[in-house]
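S.K.: Predicted model and sequence follow; I will ask about them next.
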Amino acid sequence: MALFHVARYAGPEAAGAEAGADGRARALLERLQCRARERQRQQEPAEAAQPAGAAGKRRRRPRRPRRREGGGAPGSKRRRADGAAASAGGPGGAGAARPWSRVRVGLTRRPPRFCRAGSGEEAPGDSGEGAEAAGPPEDQDGRPPAEASGPPAHALLLGGFERSRAPKVQPFLPAWLAEPSCVGKNVTKDLVPIEDIPEVHPDLQKKLRAHGISSYFPVQVAVIPALLESAANGFLVGRAGYRPSDLCVSAPTGSGKTLAFVIPVVQALLHRAVCQVRALVVLPTKELAQQVSKVFNIYTDATSLRVALVTGQKSLAKEQESLVQKTVDGFRCMADIVVATPGRLVDHIDQTPGFSLQHLRFLVIDEADRMIDSMHQSWLPRVVAAAFPSEGAKDPFALVQRRQPQTVTAASTCWPQMPLQKLLFSATLTQNPEKLQRLGLHQPRLFSTGLAQGGSRDADTEVDGDSGGKYTFPAGLTVSGAHGYREGARPGAQGPANPVPSPQHHYVPCSLRSKPMAVLHLLLETSFSRVLCFTNSRENSHRLFLLVQAFGGVTVAEFSSRYGPGQRKTILKQFEQGKIQLLISTDATARGIDVQGVQLVVNYDAPQYLRTYVHRVGRTARAGKTGQAFTLLLKVQERRFLRMLAEGGVPELERHDIPGELLQPLVPQYEEALSQLERAIKEERKQKAA
Ligand SMILES: Nc1ncnc2c1ncn2[C@@H]1O[C@H](COP(=O)(O)OP(=O)(O)OP(=O)(O)O)[C@@H](O)[C@H]1O
């Protein structure tokens, strides 16, 4: 018994030796019995004075304690607890007669949860015991009994912590993160004509116009002059001879971030004498790298600058040819601008003889938040190590010495230094200083379209589980000037003269069974020519693709890692050309992919993270266009998903019910498609096994 003895009643005698334990228990028992008798005496005259009915009513309140004295139902939890109290308080279960001792009984049995004593709070769905744990029963006037010397009101007891929410702690941010340079977010309003930024080279201005660009978007207005200024003294030194600041840019999807770095980088390198790798752009996927290199090719066309794409789409040898050429006296660099995925870049650093980053002036990290997540591949330290060679490996006769960044001293400014400037771009740039610190930024400057001051600064909801980040969405996806999609209303149909702005983010409550039909219904109803539908896995993409294909009436394709880079390129091209109406994709196309004219994004599987949602829906409403986003939600997902989006600053999510009768006409065809899907999957399995 001694092993299980818990000294719950601390008193002066508690300090005594073990030998006195029996005596203490007896003394305590007597004291308790004495108090119980006294209380009974007090109650008796009061009850006698009451009318029979009233007395009966009032007696009902302390019924529980009495039942406990007599013992509850055999085998019940309550009885076991009383047993514990009896063993602690003494024989006969006298301790159970004391209301506050019951509180302690509760303590022994309940999981450790905290609540304020006397608050009367109880854990939801736990009414009986919760009421007990909350404090002693009240007397006839609704007050606790006078002699019940339970724990003091300020003491913390168990239970009910759900009610008291811990106050949200606002992280303390460095000044550059807390006070960003604000960038306008509306690409249809805050435009600046090309001629209003005369710093941009006339040839580049001409090219911009030739490609249908007559004004700069807000992010370009802010970033292009800042970058050009930092490279004003050529690419050897920054302003006043100092190393230029690194730039971080956070602007919505489709707001023109690519041109914001392409134009100044091309301009800074326009008059270089010798071809060396001076700009390196790192992106997370092959498709994105391809897209960005295409933009560089447009703006370096008819210049001596050369762009190389290294993503692993071609063989290593072929890529090596585009980077370096062997000559009689060494190697000749073949690229000024290298656009790469991190893995392949490291391959070339390791395996391509003569590939040097020692003249690297700009390191652009696009989709920077995603790239920070891939830092475990340690591609960045490899790039920095390649850009700043160790002392022994330096060329003593080189005109421009390259040194690791260090404190500026008179000696350190004796030689012209070639700085390495890092430029980070993303629609969901993290504001977590610890993560950004891993990039080793130098006096960074942040350009942002307004991460909410009040919100949590870590926009890395998906990674950190901190869902307080706020994002800015493209204006065309926030509220459209035209009518949004309404049941039965075909897009493209003329709306009223003064259209009522409508939210463009929708959710469709549906069941697991009705999800494919909901997608088909949205497609058939809207008849949009380019719809992008996201799933959470390539298996889901494949099955949905087979099902829609079997259903018929829609030109459909799938995009996932099931296909090789070449096939994926073709699929994207066909989608862009309008040959494919519905592209079912994994998150492989969620980031950065710029397909003109996507009118609708459907999240067939709800994205797990806010950041994923931002990028997925950002495939529509690009460059000032409007677009719509529908997310299919199962009942169990609804609450969490909507809360996540609300906390993330998603403007308004309109519930869009699809009544059963609208789906009914699709059922026969759908059932037929289902059986075709089953057959197709069986066939595929057979082929795989063979
Ligand atoms: N000043 C401009 N005027 C008109 N169109 C522009 C302008 N700048 C960029 N665009 C177009 O806007 C589209 C989106 O640009 P871009 O891909 O650079 O967006 P982004 O901000 O990088 O988006 P994401 O975050 O999704 O990668 C492109 O088709 C681009 O050609």
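M.R.: Arrived safely.

S.K.: Would you mind writing the CA trace of stretch 201-217 as CSV?
M.R.: Output of stretch 201-217 as CSV, limited to C-alpha atoms (Å, rounded to 0.1, in the frame of the first residue of the first chain):
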residue,chain,number,x,y,z
HIS,A,201,18.8,50.8,-71.9
PRO,A,202,17.0,52.0,-75.1
ASP,A,203,17.6,48.6,-76.8
LEU,A,204,15.9,46.8,-74.0
GLN,A,205,13.0,49.3,-74.0
LYS,A,206,12.6,48.6,-77.7
LYS,A,207,12.5,44.9,-77.0
LEU,A,208,9.9,45.3,-74.3
ARG,A,209,7.7,47.2,-76.7
ALA,A,210,8.3,44.6,-79.4
HIS,A,211,6.9,42.0,-77.0
GLY,A,212,3.8,44.0,-76.3
ILE,A,213,5.0,45.6,-73.0
SER,A,214,4.3,49.3,-72.9
SER,A,215,4.3,49.8,-69.1
TYR,A,216,6.1,48.3,-66.1
PHE,A,217,4.2,46.4,-63.4
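
S.K.: what is the mean pLDDT for that stretch?
M.R.: For stretch 201-217, the mean per-residue pLDDT is 96.

S.K.: Repeat that for stretch 577-587.
M.R.: Rounded mean pLDDT across stretch 577-587 is 95.

S.K.: and the end-to-end length of it?
M.R.: Stretch 577-587 has an end-to-end distance of 21 Å (CA to CA, to the nearest Å).

S.K.: ok, and for that stretch, which residues are buried?
M.R.: 580-587 (16 or more other CB atoms under 10 Å). C-beta coordinates here come from the backbone N, C-alpha and C atoms, glycine included.

S.K.: Among those residues, which ones are in strands?
M.R.: The strands, defined by DSSP state E, take in 582-585 from the buried residues of stretch 577-587.

S.K.: Can I get the strand or helix carrying residue 382 in PDB? Just the C-alpha atoms.
M.R.: Assigned by DSSP states H and E, residue 382 belongs to helix 379-387. These are the backbone C-alpha positions of helix 379-387, laid out as PDB (Å, rounded to 0.1, in the frame of the first residue of the first chain):
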ATOM      1  CA  TRP A 379      23.800  23.600 -53.300                       C
ATOM      2  CA  LEU A 380      24.200  27.200 -52.000                       C
ATOM      3  CA  PRO A 381      27.400  26.600 -50.000                       C
ATOM      4  CA  ARG A 382      28.700  24.800 -53.100                       C
ATOM      5  CA  VAL A 383      28.000  27.800 -55.300                       C
ATOM      6  CA  VAL A 384      29.500  30.300 -52.800                       C
ATOM      7  CA  ALA A 385      32.600  28.100 -52.400                       C
ATOM      8  CA  ALA A 386      32.900  28.000 -56.200                       C
ATOM      9  CA  ALA A 387      32.500  31.800 -56.400                       C
END
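
S.K.: quick one on the thing from earlier: tell me which of the buried residues of stretch 577-587 is nearest to residue 523?
M.R.: residue 582 (6.1 Å; CB to CB).

S.K.: if I look at the closest one, how far off is residue 183?
M.R.: From residue 582 across to residue 183, the span is 34 Å (CB to CB, to the nearest Å).

S.K.: does residue 286 really touch residue 341, like I thought?
M.R.: Yes - here residue 286 reaches residue 341: they are 6.0 Å apart, a contact under CB atoms under 8 Å.

S.K.: got any residues that touch both of the two?
M.R.: Contact criterion CB atoms under 8 Å, 6 or more residues apart in numbering; residues shared by residue 286 and residue 341: 311-312.

S.K.: Pick out whichever of the two has more residues nearby.
M.R.: Legend: neighbour count by other CB atoms under 10 Å for residue 286 and residue 341, higher for residue 341 (24 against 19).

S.K.: OK, contacts around that one?
M.R.: 282-286, 289, 310-312.

S.K.: one more time with 6 Å, if that's ok
M.R.: 289, 311 (CB atoms under 6 Å, 6 or more residues apart in numbering).

S.K.: Pull up the gap between it and the ligand, please.
M.R.: Counting by CB to the nearest ligand atom, to the nearest Å, the gap from residue 341 to the ligand is 15 Å.

S.K.: that older thread, list of residues touching the helix holding residue 382?
M.R.: 342, 346, 349, 357, 360, 420.

S.K.: Would you mark the buried spots in that helix?
M.R.: 379-380, 382-384, 386-387.

S.K.: Likewise for stretch 294-306?
M.R.: 295-296, 298-300, 303, 305-306.
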